[in-house]
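[1] Compute the structure for the input listed below.
(2 chains)
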Amino acid sequence: MHLSTRFRRGQRLWLLLLPTLLWIGLLFVLPHIKLFLLSFMDRRSGAFTLANYAAFFNSSLYRNVFVRTTTFSIVTTLLTLFISFPAAFIITKVLGRKMKALALIAIVLPYWVSELIQAFTWMILFRETGVLSYLLQYLGITHHNIEFLYHNSTIVVGLVYTSLLFMTIPIINSLDTLDDSLIEAAYDLGGDFWSTMREIIIPHAAPGIMVGSIMVFMLNLGNYVTVTLLGGKNSLWFTESIYNQFIVRFNQNQGAAFGVILLTFSVLFVWIVLKITKQDLTEAM
Amino acid sequence: MPQEIDVSLVHVTKKFGDLVAVDDVSFEVPKGSFFSILGPSGSGKTTVLRMIAGFETPTSGDIYIGGERVNDVPPNKRRCNMVFQRLALFPMMDVLGNVTFGLRRRGGMSKAEMERLARKALERVGLQGLGRRKINQISGGQQQRVALARSLVLDPTVLLLDEPLGSLDLKLRQDMKLELKHLQARMGTTFVYITHDQTIALAMSDTIAVINRGKIEQIASPEELYRRPATHFVASFVGENNKLEGGRLVRMRDAQVCEVDFGGILMSGRMGEPLSPGDTVDLFIRPEMISLRPGRHESGFPGKIEEINFDGSHSLIVVNLLEGRAPITINVKLQHTEQAPEVATGDLVTLSWRWDAANAFRSPTGKEA
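    Residues are numbered from 1 along each chain as shown, chains lettered A, B, ... in the order given. Got it, this is the predicted structure:
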């Protein structure tokens, strides 16, 4: 009887896991296997070839776009961290209960709007006839319309904005578990703001910082909407290259190879960063 | 020679909004002494400690450490260190990292020198060889010692202890209690210890300040506090006591001794505060100060044993007094010595005690029993 209940419990567990397994299997694993296979096929004959990968490594354009995407993703991740960490610290350790709830709502609220709409709002602010341009003329700082869109910095602003939530929330979570008496103890033993920050607060928040950074980096690397809308045709983001191969050139195999390169690289990058910072992924997540 | 004072509070008051957490508290802690602040939770004792440490600023009044007024000195610049209730060890560092934290902040010392001092401090608390352990790899008792070493290595003028023994189990607490006292005696550092546990305070302290509702009730040596409580609160809070409520003070025998009428039974006691005939008073009698003789005797109070609770070294015997209009129950602590009388439930016995084993205070309710 004991065995049979255990068996039934096992069955139930599988049933509960089924939606997740289907989700991951059908929407993640299968497409990626297909993508992987496609990337090694010749466009016309379907025979095995490495030409799709060779095309990437032989073209300075694709390589540069890739390096540019990565560099910008890293820069925006760091910028996001520099904005999010103080915010998370103030929310968890400085504000009272009521203000904390308000601040959290203020952080989450903008994300009730889709990324597409967020990008459009930025466009309203930044375009040649937009709010910012008008404001500068109104203040007499300039006398003609200024185009703020389609610059590198516009892309960075947009990306930082869309990623703030994903950095702030994990850091808030990790700082929440930091006992305030640890900070007091550090002060009591002669610590000042910076040494307490360096030796107590940041090490404690490291898993949250790691999770936030990984998420934001991945989101930036794979971003399409914000980058294309704010950066325009010349945004030169790697996802745009993938899109072009699939949709514009109908070269699925080339697009698949780019996709595999992006995936492999980002996983490798995260792994290296985790190794360097001596963080454990299971611990961080 | 005037005694050197390490900590002194002068008319310190702390308000949180409308709440007066600490109300006009003054005391002095002589150098090298073990000073305890004893009070129930919410009495304001933690606030007093946090004001000495610098985490709270007094609303009014002054705080001096080592003769220097420290009201405006931040906690990281005060010559006092604190052992926190939940210890607040740094889990991101090993034991040695915790102990050298303060030294590193102070600077002006080589790494080797810091580690030497830290190892010495660890040795002093009996933790040699554990420097490289992580905080979560050592036991609760060892963590206590690390917290002590972390503060003591800085050689503070005053060590503040926020009930750090509270989280330990009974046996470990007993051991640590003695060890802490010996450590304090050996090092000569001034300790200010706050606790709600009177057994700890009585066992360790040179001086105890009893605090209730933000006010100091009495500052005295443990023995004085135990034998001659100054207020009704101290009598009921410190130690076990039989509390006989609502007696009427009949007359005073002299300046110290009064006689109280409990429903026809006359008992004498020491006046803990100035009283006058006609006052409604409560009488506190220590259970271990009562002598119990089998049978009826001329002097003393006859009673019948209601219940016997064996407790190892002694028994707690519940006796109902026979005379008097209202029932009066008195607990007697009987030590199991060779001379101890053998008694059983239902036996007739006679209780007696010296007048100074009983302390009389004006009843806060004012109701006669």
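[2] What's the biggest helix in chain A, counting residues?
    Among the segments of chain A that qualify as a helix by DSSP state H, the longest is helix A:60-89.
[3] State the next helix or strand along the chain beyond that helix.
    helix A:97-108 (DSSP states H and E).
[4] going on from that next one, what's the next piece of helix or strand?
    In N-to-C order, the element after helix A:97-108 by DSSP H and E is helix A:115-126.
[5] next structured bit after that following helix?
    helix A:131-138.
[6] Quick one: list the elements packing against that next one.
    helix A:115-126 (3 or more CB pairs under 8 Å, 6 or more residues apart in numbering or on different chains; DSSP states H and E). Glycine gets a C-beta too; all of them are placed from N, C-alpha and C.
[7] returning to what we had before: list the buried residues in the longest helix of chain A.
    A:62, A:65-66, A:69-70, A:72-74, A:76-77, A:79-81, A:83-85, A:87-89 (16 or more other CB atoms under 10 Å in any protein chain shown).
[8] what residues does the lowest-mean-pLDDT helix or strand in chain B touch?
    Within chain B, no helix or strand scores below helix B:170-187, which has a mean of 88 by mean pLDDT, DSSP states H and E. Contact with helix B:170-187 is made by B:34, B:124-126, B:140-141, B:144, B:148, B:152, B:165, B:168, B:191, B:200, B:203-204, as judged by CB atoms under 8 Å, 6 or more residues apart in numbering or on different chains.
[9] which parts of that helix are buried?
    B:173, B:176-177, B:179-181, B:183-184.
[10] Then stretch B:75-89?
    Of the residues in stretch B:75-89, those buried (16+ other CB under 10 Å) are B:75-76, B:78, B:80-89.
[11] what does chain B put close to chain A?
    Contact residues, chain B versus chain A (CB under 8 Å from any CB of the partner chain): B:53-55, B:74-77, B:81-82, B:84-86, B:88-93, B:101-102, B:104-106, B:150-151, B:154.
[12] what about B:Phe34, distance to chain A?
    20 Å (CB to the nearest CB, to the nearest Å).
[13] can you check B:Ser315 too?
    For B:Ser315, the distance to chain A - CB to the nearest CB - is 43 Å.
[14] Quick check: closest non-adjacent residue to that residue.
    Leaving aside its sequence neighbours, B:Ser315 sits nearest to B:Leu334 (CB to CB, 6 or more residues apart in numbering or on different chains; 5.0 Å).
[15] Give me the sheet partners of the helix or strand hosting that neighbour and which way each runs.
    Counting by DSSP H and E, the element that carries B:Leu334 is strand B:329-335. The pairing partners recorded for strand B:329-335 under DSSP bridges are strand B:314-321 (antiparallel).
[16] how many other residues sit next to A:Gly190?
    20 (other CB atoms under 10 Å in any protein chain shown).
[17] hey, C-alpha coordinates of the least confident helix or strand of chain B in PDB?
    Coordinates of the C-alpha atoms in helix B:170-187 are reproduced here as PDB (Å, rounded to 0.1, in the frame of the first residue of the first chain):
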ATOM      1  CA  LEU B 170      20.200  26.400  28.800                       C
ATOM      2  CA  LYS B 171      23.300  24.400  29.400                       C
ATOM      3  CA  LEU B 172      25.400  26.400  27.000                       C
ATOM      4  CA  ARG B 173      24.000  29.600  28.500                       C
ATOM      5  CA  GLN B 174      25.100  28.500  31.900                       C
ATOM      6  CA  ASP B 175      28.700  27.800  30.700                       C
ATOM      7  CA  MET B 176      28.900  31.000  28.700                       C
ATOM      8  CA  LYS B 177      27.600  33.000  31.600                       C
ATOM      9  CA  LEU B 178      30.500  32.000  33.800                       C
ATOM     10  CA  GLU B 179      33.000  32.300  31.000                       C
ATOM     11  CA  LEU B 180      31.900  35.800  30.200                       C
ATOM     12  CA  LYS B 181      32.300  36.800  33.800                       C
ATOM     13  CA  HIS B 182      35.800  35.300  34.000                       C
ATOM     14  CA  LEU B 183      36.700  37.000  30.700                       C
ATOM     15  CA  GLN B 184      35.500  40.300  32.000                       C
ATOM     16  CA  ALA B 185      37.400  39.900  35.200                       C
ATOM     17  CA  ARG B 186      40.600  38.900  33.300                       C
ATOM     18  CA  MET B 187      40.500  41.700  30.800                       C
END
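[18] re earlier: just the buried positions in the strand holding B:Leu334, please.
    B:330-334.
[19] How is the chain divided into domains?
    Just so you know, I chose chain A. A:1-38, A:50-284 (automatic domain parsing).
[20] Chain B is the one I meant
    Split by automatic domain parsing, chain B gives B:5-231, B:240-362.
[21] Quick check: mean pLDDT of the last one?
    The predicted model assigns domain B:240-362 a mean pLDDT of 92.
[22] and the gap between the residue in the stretch 251-369 of chain B that chain A sits nearest to and B:Ser236?
    Residue nearest to chain A within the stretch 251-369 of chain B: B:Pro364 (36.2 Å; CB to the nearest CB). Noted for B:Pro364: a distance of 10 Å to B:Ser236, by CB to CB, to the nearest Å.
[23] what about these two, which has more around it?
    Per other CB under 10 Å, whichever of B:Pro364 and B:Ser236 has more neighbours is B:Ser236, with 15 against 12.
[24] The more buried one is in contact with B:Phe284, isn't it?
    Yes. Using CB atoms under 8 Å, B:Ser236 makes contact with B:Phe284 at a distance of 6.9 Å.
[25] what sits in contact with each of the two?
    B:Lys243.
[26] hey, which of the domains of chain B is tucked in deepest?
    domain B:5-231 (a mean of 19; mean count of other CB atoms under 10 Å in any protein chain shown).
[27] who are the neighbours in contact with the nearest residue to A:Tyr62 once chain neighbours are set aside?
    Counting by CB to CB, 6+ apart, A:Tyr62 lies nearest to A:Phe56, which is 5.0 Å off, once chain neighbours are set aside. A:Phe56 makes contact with A:62-63, A:66, A:257-258, A:261, according to CB under 8 Å, 6+ apart.
[28] Identify the farthest-apart pair in the residues you listed.
    Spatially, the most separated pair among the contacts of A:Phe56 is A:Arg63 and A:Ala257, at 13.3 Å (CB to CB).
[29] Now do the helix or strand harbouring A:Leu175 and helix A:115-126, the angle between them.
    For A:Leu175, the enclosing helix or strand under DSSP H and E is helix A:152-176. Relative orientation of helix A:152-176 versus helix A:115-126 (axes from the mean of the first three to the mean of the last three CA atoms, to 10 degrees): 130 degrees.
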